[in-house]
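J.: Quick one: sequence and predicted model below, then my questions.
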Amino acid sequence: MMDNSSLENCTALQLLDNDTISCGPPPPPVSYALIFNAVIYSIVMVIGLGGNTLVIYVILRYSKMQTVTNFYIFNLAVADEIFLISIPFILTTMALGEWPFGMVMCKIYWTITSINQFTSSLFLTVMSADRYLAVCHPISSTRWRTPLVSKIVCLTAWTASSLMVVPLFMYAAEYEGQCNIFWPEKVGGFKGEKAFTLYTFTMSYLIPVILILVFYILVIDKLRHVGPKKRSKERRKSHRKVTRLVLTVITVYFFCYLPFWITQLSLMVSSESKVNHSHFLVCLILLAYALTYINSAVNPVLYAFLSDNFKKSFVKACQCARAPDVNNVLNVENSVFPRRSKQTGGGKSTDLHEMQERGMTHEPSTGVTVMTPRSTARSSHVDSTNGHLTLKVPIKV
């Protein structure tokens, strides 16, 4: 059983309940805290679910949005949505003062709220590694920055995250109207809750932040030393745009989760000395916990401000524009997932996406460079139909 004087691993729904098992100190005045948290969480939920749903939609809907980087962003948006759908459970528990959803939903709640910590950090690390490959190894990275590899990476990230939260599913339980985690007394010389706090901090925050820092030091150093003879001005500009977007998302994640981990680690230390926790500290914990939800809601806003393609896609999606019309106004970005075109005439035709899949083009990580096939048996022509420019290559059957 957890120490009743400890606030470790407390959530917003626990801190606002006087009868909680694991959180000893009384909460701030329930009326003010309840109203404040209900308003904040409701706003975050509406903005977050709406924004991330829009991100998922435009990536699935518009072919020019289906790049390797955007595929990782797609998975990050899915993870954020899963995290945000837990907010109604928090609001309901705040209003009722108890957990009304039973044992099974208690386990599911703890699982979905915790898996986001791992998936978010893993996908941000993967996105940093992807930027490193694209910027520092633009030629050799074409072997790894492909649709197949990105899907395997994402599947691995989801699988690893699911395995990491198995202990939460095992020890989460509903008891006397409260949804809590009942850790074993000792795990490897530590109390159960302390062992899991250190484990989660190391795996979902410390190691990913170190890896991200290393990748971005290398990326920034490369961008600073790339001369005009080696890369065109347009390509360098495109590199910097994508890199800036990913770096901004990572920075926001870092600062949103930093207060959460500071409070968690502080509580882990202070619980040993039986420090009396004040109402002010409880409020700080509530704020730190809310920041983790705000992080999941703010990402779509960052995409809209920092990516021209996301901005245009969001506007067109809200206007219910047709997919071909939207693709016409989007910039062709790197590593677009291949899409087959319809057969025309007596042979097959392929657009730029299919050419990339067949290894017939080399498209660097920024900008678009099309290299025609070496075989003289194939000829290319440009067809402009309805204002949409498509490069077609007749292929012998």
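T.: It's in.

J.: tell me the contacts of Phe255?
T.: Phe255 sits next to no residue when contact means Cβ atoms under 8 Å, 6 or more residues apart in numbering. (Glycine included, C-beta is placed from N, CA and C.)

J.: so where does it fall, helix or strand?
T.: With elements delineated by DSSP states H and E, Phe255 resides in helix 233-270, which encompasses its position.

J.: between the helix or strand just after that helix and helix 233-270, how big is the angle?
T.: Remark: after helix 233-270, the chain's next helix or strand is helix 279-306, criterion DSSP H and E. Taking axes from the mean of the first three to the mean of the last three Cα atoms, to 10 degrees, one finds that helix 279-306 is oriented at 170 degrees with respect to helix 233-270.

J.: Do me a favour and average the pLDDT over the following helix or strand past helix 279-306.
T.: The C-terminal neighbour of helix 279-306 among helices and strands, as given by DSSP H and E, is helix 308-318. Model confidence over helix 308-318 averages 84 on the pLDDT scale.

J.: by contact count, what packs against helix 308-318?
T.: In this structure, helix 308-318 packs against helix 30-61, helix 279-306, helix 323-329, with contacts taken as 3 or more Cβ pairs under 8 Å, 6 or more residues apart in numbering; DSSP states H and E.

J.: The same query, at a cut-off of 10 Å, please.
T.: Using 3 or more Cβ pairs under 10 Å, 6 or more residues apart in numbering; DSSP states H and E as the contact test, the elements touching helix 308-318 are helix 30-61, helix 68-84, helix 233-270, helix 279-306, helix 323-329.

J.: so which of those helices is the most packed in?
T.: helix 68-84 (a mean of 23; mean count of other Cβ atoms under 10 Å).

J.: Okay, domains of the chain per the record?
T.: Using automatic domain parsing, the domain parsing of the chain gives 12-317, 338-397.

J.: The ones you listed: lowest mean pLDDT?
T.: Comparing mean pLDDT across the domains of the chain, the lowest value falls on domain 338-397: a mean of 39.

J.: Is it possible to get JSON lines of the helices and strands packed on helix 308-318 that adds distance to Ile220?
T.: As requested, the helices and strands packed on helix 308-318 are arranged in JSON lines below (distance: least, Cβ to Cβ, whole Å):
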{"stretch": "helix 30-61", "distance to Ile220": "26"}
{"stretch": "helix 68-84", "distance to Ile220": "17"}
{"stretch": "helix 233-270", "distance to Ile220": "8"}
{"stretch": "helix 279-306", "distance to Ile220": "17"}
{"stretch": "helix 323-329", "distance to Ile220": "31"}
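
J.: picking up where we left off before, and the angle for the helix holding Phe255 with helix 308-318?
T.: Using the same axes, to 10 degrees, helix 233-270 lies at 80 degrees relative to helix 308-318.

J.: now the angle from helix 233-270 to helix 68-84?
T.: Helix 233-270 and helix 68-84 are oriented at 30 degrees to each other (the same axes, to 10 degrees).

J.: what secondary structure does the residue nearest to Trp99 when sequence neighbours are not counted sit in?
T.: Counting by Cβ to Cβ, 6 or more residues apart in numbering, the nearest residue to Trp99 once its immediate chain neighbours are dropped is Cys179, at 4.0 Å. Here Cys179 is strand, with the state taken from DSSP: H, G, I helix; E, B strand; the rest coil.

J.: Report the separation between Cys179 and Lys64.
T.: Computed with Cβ to Cβ, to the nearest Å, the distance linking Cys179 and Lys64 is 44 Å.

J.: Look at the two and report which has more neighbours.
T.: Neighbours per residue (other Cβ atoms under 10 Å) separate Cys179 from Lys64, with Cys179 holding more: 27 against 23.

J.: ok so, going back, please name the bridge partners of the residue nearest to Trp99.
T.: Under the criterion DSSP bridges, Cys179 forms beta bridges with Glu174.

J.: close enough to count as contact, it and Ser86?
T.: No. When contacts are counted by Cβ atoms under 10 Å, Cys179 is not listed as touching Ser86 (11.1 Å).

J.: ok, Tyr171 - contacts?
T.: With contacts defined as Cβ atoms under 10 Å, 6 or more residues apart in numbering, the neighbours of Tyr171 are 107, 110, 180-184, 192-193, 196.

J.: and those, which are buried?
T.: Buried members of the contacts of Tyr171, scored by 16 or more other Cβ atoms under 10 Å, are 107, 110, 180-181, 183, 192-193, 196.

J.: Sort out for me which of those are in strands.
T.: Secondary-structure check on the buried ones among the contacts of Tyr171 using DSSP state E: residues within strands are 180-181.

J.: Return the member of the buried ones among the contacts of Tyr171 nearest to Phe305.
T.: Of all the buried ones among the contacts of Tyr171, Phe305 sits closest to Trp110, with 33.6 Å by Cβ to Cβ.
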